[in-house]
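Asks: Got a predicted structure plus its sequence, pasted below:
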Amino acid sequence: MNKNKFLGLVLAVFMGVMSASVWAEVVPAPVAPEQVTAPATTPVEHKAAAELNMKHAEYHKGLAKHHRSLDAVYQSNGQRILGDRHEAIAKHEDALAKEYEKTAAEHEKLANPK
């Protein structure tokens, strides 16, 4: 292999590695669900509140996935600090999702009293 072909190959590999973040896929952020406007007092309202809280749980899971995809892009660009920040946000979004799931379960219990 002559010198020019070798340099061309090295340059092509280098450009491919440096532009990998262009090909990285960022998961789009989900659309926020409606907000709770009043406390639930009846079984029907508790059922609706349980469903709404599950929508919020799914929303926050989607945000966590979005922030993890941003983390991956920043990490691949060598921007570790920004990547780490997005991973930290993703962990908080996971925690919020779990709290919404717990809240939904409590509303579900009140919607179906025994």
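Replies: Sure thing, it's come through.
Asks: for this structure, what's the longest helix?
Replies: The longest helix of the chain (DSSP state H) is helix 43-76.
Asks: Show me which positions of that helix end up buried.
Replies: Neighbour-count burial for helix 43-76 flags 46-47, 49-50, 52-57, 59-75 (criterion: 16 or more other C-beta atoms under 10 Å). C-betas here are computed from N, CA, C, even on glycine.
Asks: likewise stretch 98-113?
Replies: Buried residues in stretch 98-113 (16+ other C-beta under 10 Å): 100-101, 103-104, 107-108, 110-111.
Asks: Which helix or strand contains Asp94?
Replies: Assigned by DSSP states H and E, Asp94 belongs to helix 80-111.
Asks: helices or strands next to that helix in the packing?
Replies: The contact analysis (3 or more C-beta pairs under 8 Å, 6 or more residues apart in numbering; DSSP states H and E) places helix 80-111 against helix 43-76.
Asks: how far is the helix it packs on from where the chain is centred?
Replies: 7 Å (C-alpha atoms, centre = their mean, to the nearest Å).
Asks: what angle sits between it and helix 80-111?
Replies: 170 degrees (axes from the mean of the first three to the mean of the last three C-alpha atoms, to 10 degrees).
Asks: Show me what helix 43-76 is packed against.
Replies: Helix 43-76 packs on helix 20-23, helix 80-111, going by 3+ C-beta pairs under 8 Å, 6+ apart.
Asks: What helix or strand is Pro33 located in?
Replies: Using DSSP H and E, no helix or strand contains Pro33.
Asks: how deep is it tucked in, by neighbour count?
Replies: Other residues within reach of Pro33, judged by other C-beta atoms under 10 Å, total 17.
Asks: Quick check: nearest residue in space to it, chain neighbours excluded?
Replies: Lys55 (4.0 Å; C-beta to C-beta, 6 or more residues apart in numbering).
Asks: Retrieve the pLDDT associated with Ala38.
Replies: pLDDT, Ala38: 89.
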